[in-house]
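Take a look and give me a structure for this.
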Amino acid sequence: MRWAISWQLAAAAGAFILLVAGAVALRATALAPGPPVVLPTPAPSGPVAAVPSPTAAADVVVDVVGAVAAPGVVRLAQGSRVVDAIAAAGGATADAQVSALNLARVLVDGEQIAVPRAGEQLAAAGSPASVGGDELVDLNTADAAALDALPGIGPVLADRIVAHREDGPFTTVDELADVAGIGPTLLERLRDLVRV
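Numbers count the residues shown, from 1 in each chain. Coordinates of the predicted model:
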């Protein structure tokens, strides 16, 4: 028996193959990226008003004193930290005790950074925490700023200490361990700097 293919069947098969090949070619060209389009930069159509420089309002000015190479007033960008202020004042001297400071604390405009020398206590002068000649920070009366000045205490921990004493005053320095974020190492560092 011979297989005979009619010309209509052959034409239909050829048309189908051409249709599939065209669809594949069309799909391939549709997925290829075209040339990049460059958009024109818009230009202002009227007079341009002078915009004040944001840097002038974004500066903080602090006074760096104590064991630094060039004590004095320094101007830094908003968001700078204590370590940046010390670097701007020429860096710490060889006898500086920078471990007594929270070097990562964000600076506040108008504050004074006192870098103590080895053996000096970090003074909390002018704060409600200091009473008479006692330079220890009182955990029950110190505000968040005075607590923030303690080594290892930043604004978050200072706020937690203030919130903790709202439930009742501290009766011992050891109760600092009840504040979230204060572990045994930090407690030992603070033990000689605080009182109740």
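
For Gly66, give me phi and psi.
Torsion angles at Gly66 (phi, psi; degrees, to the nearest 10) stand at phi 100, psi -140.

For it, which non-adjacent residue is spatially closest?
Val115 (3.8 Å; CB to CB, 6 or more residues apart in numbering). Where you see a C-beta, it was placed from the backbone N, CA and C, and this is true even at glycine.

what pLDDT does Gly126 get?
You'll see Gly126 listed with a pLDDT of 37.

now swap in Ala96 and tell me
We note a pLDDT of 90 for Ala96 in this prediction.

can you check Ala88 too?
At Ala88, the model reports a pLDDT of 94.

Find the nearest non-adjacent residue to it, please.
Distances taken as CB to CB, 6+ apart place Val74 nearest to Ala88, at 4.1 Å, with adjacent residues excluded.

OK, contacts around Ser6?
With contact set as CB atoms under 8 Å, 6 or more residues apart in numbering, Ser6 has no partners.

if we can go back for a sec, I'd say the residue nearest to Gly66 and Ala85 touch.
No. Look at Val115 against Ala85 with CB atoms under 8 Å: they stay out of range, at 9.3 Å.

got any residues that touch both of these two?
Val64.

Show residues contacting stretch 67-80.
Contact partners of stretch 67-80, identified using CB under 8 Å, 6+ apart, comprise 55, 58-65, 84-86, 88-93, 95-97, 106-107, 115-117.

can you do 6 Å?
58-61, 63-65, 84-86, 88-93, 95-96, 107, 115, 117 (CB atoms under 6 Å, 6 or more residues apart in numbering).

Put the buried members of the residues you listed into a PyMOL selection.
In PyMOL, this line selects whichever of the contacts of stretch 67-80 come out buried by 16 or more other CB atoms under 10 Å:
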select buried, resi 60+64+84+85+86+88+89+92+96+107+115
